[in-house]
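Enquirer: Below: sequence and its predicted model.
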Amino acid sequence: MTKQQKKILYRILLGAVLFLAAEIVIHFIALPWWGELLIFLAVYLVPGWSVLWKAVKNISRGQVFDENFLMTVASIAAFAIGQYPEAVEVILFYQVGELFEKIAVGKSRQAVSDLLDLCPDEATVLRDGKPETVLVDEVEVGEHILVRPGEKIPLDAKVCEGHTTIDTAALTGESMPVAASVGDEVCSGCVNLSGAVELVVTKPAAESTASKIMELVEESASSKAKTEQFITRFARYYTPCVVIAAVILAVLPPLILGGGAVVWKDWIYRALTFLIISCPCALVISVPLSFFGGIGSASKNGILVKGSNYLEALSHAQIVVMDKTGTLTEGKFHVTKQEAVGLTAAEQLEYAALAESASNHPIAQSLKDAYGKEPDTARVTDVQELAGHGVSAKIDGKQVLAGNAKYLEDAGLQTKAPTEIGTAVHLAVDGRYAGYILIADTLKADAPDAIRLFREAGVSTAAMLTGDSELAAKAVSDTLQLDEVHAKCLPEDKVKWMQEYRKKLDKGRTLVFVGDGMNDAPVLAQSDVGVAMGGLGSDAAIAAADLVILDDQPSKLGIAMHIAKKTMGIAKENIVFALGVKAIVLALGALGLAHIGAAVFADVGVSVIAILNSMRAMRVGKYKS
C-alpha cells in the first residue's frame, strides 16, 4: 500500500475504534444531547476531516456537486436531525470505499506505469575511453555507451562490441530473451541480461522507442470511450438533479401534509437517505477503471492502445482487413525448398551463395542466410551480373550460372519448373543444369491463431488486400481460410476496397485494418481501428495507428479483441448493477422503507462491488493463444 492508502486505512481503523468506544460510553452513561453530539463530532472528524476539506476546496473552485459535497451534506444533515451515530457511519463507510478505489486505481495503473518506467534517467557514456555517468538527454547520437548485465538499455543503439541476451518483455510482453551481437539494433527499455556490451547511440533520448511508447501511454488517458463519455455527462446532470430532488423531498411533503417537528424530521431523514443513495460514485469510478484496467492488461501483452475509445471500437469489430507482407507473412525471403540435380543440396546451396556473395539483393541475402556461413569470396572470380536475370561466376575454377529460368534457357539449358509458390533460382555448373532453389515469403507462425481468435471474437469477415500476385495471395488465403482476398492492389485500390467494406458494416459494428504501419496511412484513415504491426522500434508504426502490436505477432490483435470484449462486458455490468440497485433503494428511501444503513450499502457497498468487478479487467494477464 502507498503512504496515502495507509493514511486512509489508519483513519478508518482509528475512527472505527473511537466509534465503538463512543457507542459503549453512551450505552452505559446517560449524557445530555450536547454531550453525545460532542463525542460523535470528535469521532466524526477523525475519518471525516479530509472529506470536509476536499468539499470546501472543490466548492471554492466551482466543483460543487461531487461525492465529497454529497457526503458532507448527508453527514451534517444527520447531525442536524440528531442521528449522530449514523453520521459517523456514513463517513466511515465512505472512506472504506475511497480506500478500495485508491487500491484498485493503483493496481490498474501498475501495468501501464511499468511502461512509463522503461528507461533509466542516466547512461554510462564512454568519453576518451573512460566511463562517465550523464543524463540520457545529454547523450549525443554516435556516442558510445556501456550497458552492464542487469541494467536497462537507456537509448536506442547498435551493438558495436560484445554480445549478450536482452529481455524485451517490458516492451513486447514476450518472456523469451533475444540474442544481440555486433551490428544488431537494440531498443531502449530492454534489459541487458548476460554480458556487458558497448553500444553506439542511433537516436536521441526524445526519439527513442521507450520515449515514443511513454508518450503514447500518457496520451491514452485523454481519449475516452463513448461509454465513459456518457457516464461523465450523466454524472454532470444527475448529481444536481438528485440534490434538488432531495431538497424537494425534505420540504414539500411536510408543507403539503402538515405536521410538527416529528413529520419534518421524518421527511428530512428520508431526504438524507435519498441523498446518500444517489451518489454516483460506483459509475464515476468503476467504468473508467474498467477501461484503464483493459489498457493495462493489453500493455502487459505488448499491445499499445492509444485510448479507451479504440478499445471500445475493437470490441465491436465485424470486418478485419489485413495487409499480407509483413502482417500475415514474415516480409522476409527464406529458402523453402531445394531441388538439386547432379549434386547434393548442400553443394547446390554453397554454389548459389558464393555466386551471389557480392549482391545485396534480398534474394541473394536469403541464399547467404540459408548457407549459414560467411562466403569465402577468394574462391569466386569473373563475376558478371545481368540485372533482373542472374549472375555468372567462376567458383573453384568451375563456371556457375545462377538466375531465373530465362537466364539459363538463354544459355542453352533446359530448366525444371517448380510447382510450389515462390521465386526459383536456377543453377548450372560447368554447363550442366543443377536444379533450383525456391525462395518465398513464409507465413508467420501465429497467423492461423490470429484468424481463429478473430472468429472467436465475433468477426464475420477476415479479408486480405495485397499488392502481390494472385497466385501468392491465393496460397496465403487458402492456408488461413480467409473470407475474401484481393491481389495486385495499388494504394488507391486498397482505399476503394475499404470503402466497399464500410458499406457492408452492420449498425454499431466496426471496421479494422491491420498493416505494417509504414505505407498504409491512406487505408488506416478509412478504418475505425487502425492496427500497426509495429515491430520493436518502429517509430512510423507507433505514429500511424490506433493500436500498435510491438512484436509483429498478428495473434496479438485477437488477444486485444478478447481484452476489449471483457472490458466492455465489465463496464456494462457495473452500469446495470449500480443503476439497478440505486433505483430500487432510491424508491424505498423516498417511501420511508429504507434507512441510512441501506443507503450506505447502495452508495459505498455498490461502489466497492463495482470496483472489485472492474479489477477483473486487469486480471486478463498474459493471455496465450
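Expert: Ah, there it is.
Enquirer: quick one, strands of the stretch 401-550 of the chain?
Expert: Using DSSP state E, counting those that start in this stretch, the strands of the stretch 401-550 of the chain run over 423-429, 432-443, 461-465, 484-486, 510-515, 529-532, 547-549.
Enquirer: likewise the stretch 151-300 of the chain?
Expert: Using DSSP E, counting those that start in this stretch, strands in the stretch 151-300 of the chain cover 157-161, 164-167, 178-180, 185-186, 191-192, 197-201.
Enquirer: Need these in TSV (columns: mean neighbour count and mean pLDDT).
Expert: No exception for glycine: its C-beta is placed from N, CA and C like everyone else's. Listed next are the strands of the stretch 151-300 of the chain as TSV, based on neighbours: other C-beta atoms under 10 Å; pLDDT from 0 to 100:
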stretch	mean neighbour count	mean pLDDT
strand 157-161	18	92
strand 164-167	20	86
strand 178-180	17	85
strand 185-186	20	88
strand 191-192	20	88
strand 197-201	21	93
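Enquirer: Nearest approach to residue 486 belongs to which of those?
Expert: strand 185-186 (33.9 Å; C-beta to C-beta).
Enquirer: Can you list the strands that the closest one pairs with?
Expert: strand 157-161 (antiparallel) (DSSP bridges).
Enquirer: For the chain, which helix or strand comes out least confident on mean pLDDT?
Expert: Every helix and strand of the chain was ranked by mean pLDDT, DSSP states H and E. The lowest is helix 539-544, at a mean of 59.
Enquirer: so how far is the helix or strand hosting residue 607 off the chain centroid?
Expert: Assigned by DSSP states H and E, residue 607 belongs to helix 606-614. Counting by C-alpha atoms, centre = their mean, to the nearest Å, helix 606-614 is centred 23 Å from the centre of its parent chain.
Enquirer: And for stretch 384-393?
Expert: On C-alpha atoms, centre = their mean, the centre of stretch 384-393 falls 48 Å from the chain's centre.
Enquirer: Stretch 84-101 now?
Expert: 35 Å.
Enquirer: hey, C-alpha coordinates of that stretch in PDB?
Expert: Written as PDB, here are the backbone C-alpha positions of stretch 84-101 (Å, rounded to 0.1, in the frame of the first residue of the first chain):
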ATOM      1  CA  TYR A  84     -25.200  11.200  15.400                       C
ATOM      2  CA  PRO A  85     -24.100   7.500  15.100                       C
ATOM      3  CA  GLU A  86     -25.400   7.300  11.500                       C
ATOM      4  CA  ALA A  87     -23.500  10.500  10.600                       C
ATOM      5  CA  VAL A  88     -20.200   8.700  11.600                       C
ATOM      6  CA  GLU A  89     -21.200   5.500   9.900                       C
ATOM      7  CA  VAL A  90     -21.800   7.400   6.600                       C
ATOM      8  CA  ILE A  91     -18.300   8.900   6.600                       C
ATOM      9  CA  LEU A  92     -16.600   5.700   7.800                       C
ATOM     10  CA  PHE A  93     -18.200   3.600   5.000                       C
ATOM     11  CA  TYR A  94     -17.400   6.300   2.500                       C
ATOM     12  CA  GLN A  95     -13.700   6.200   3.500                       C
ATOM     13  CA  VAL A  96     -13.800   2.400   3.100                       C
ATOM     14  CA  GLY A  97     -15.000   3.000  -0.500                       C
ATOM     15  CA  GLU A  98     -12.300   5.600  -1.000                       C
ATOM     16  CA  LEU A  99      -9.600   3.100   0.100                       C
ATOM     17  CA  PHE A 100     -10.900   0.400  -2.200                       C
ATOM     18  CA  GLU A 101     -10.900   2.900  -5.100                       C
END
